[in-house]
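1. Sequence first, predicted model second:
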Amino acid sequence: MAINTHPATGITPTALWNAVNTDADIAMFITEMEHRFAWRDAVIVLALDPALCADDFGMLAEHAHDPYSRSIMDRVLAGAFRGHAIIDADRARRIARRLAEAGHTKRAVNPLAAAAYLDWAVGMEDEAIALAGEALGINPRHTLSMIVLSAIDHGIHTDPATRN
């Protein structure tokens, strides 16, 4: 399947993959993340699985409903919650901080929610609650933010053994 370039910005999923993996500025990608949930979700998966290659990241970002993309998402998320994978918690927190900073600056819901999800995934519940609350202050119906708060409220966590 083809990986698309955004017609107005020229931004590609590979450029975002590179930015996330090199600690480069991600602010230019916030508009894409704000309008394309698949890009947000791909960043979450990449933060949880640093071994995710650029091609698979591109599939997640551009073809989220493809069976192969769903299998990647299932593998990474199930691994985090069932103890089958090791999350680089420091890396995930660094990515969450970058997303949160960009989300604060641009009042962008999806980067804030992605940061909240990552903080929740690595056991930083207070930070996750604050970020999800900030996102809901911008969009009170934002689903991912509500999911994070509900999971915390119900005691749902990633397996602590998965965090290094």
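-> Thanks, I have it.
2. show me where pLDDT drops low in the protein?
-> Low-confidence segments of the chain, defined by pLDDT under 70: 1-11, 21-25, 28, 161-164.
3. Now do the helices in it.
-> 13-21, 30-35, 37-48, 54-62, 67-82, 89-106, 109-121, 125-138, 143-153 (DSSP state H).
4. Give me whichever of those is most buried.
-> helix 109-121 (a mean of 28; mean count of other CB atoms under 10 Å). (Each C-beta comes from the backbone N, C-alpha and C, glycine too.)
5. Output the contacting helices and strands for that one.
-> helix 30-35, helix 37-48, helix 89-106, helix 125-138, helix 143-153 (3 or more CB pairs under 8 Å, 6 or more residues apart in numbering; DSSP states H and E).
6. dump the residue contacts of residue 133.
-> Applying CB atoms under 8 Å, 6 or more residues apart in numbering, one finds that residue 133 lies in contact with 145, 149.
7. The chain should start at 31 in everything you say after this.
-> Renumbered: residue one is now 31, and that last one reads residue 163.
8. ok, now how distant is it from residue 137?
-> In this view, residue 163 and residue 137 are 14 Å apart by CB to CB, to the nearest Å.
9. And residue 49, by the same measure?
-> From residue 49 over to residue 137 (counting by CB to CB), the distance is 20 Å.
10. related to what we said a few turns ago, what's the closest of the helices of the chain to residue 189?
-> Distances from residue 189 to each of these were compared using CB to CB; the shortest belongs to helix 97-112, at 6.2 Å.
11. Cheers, nothing more for now.
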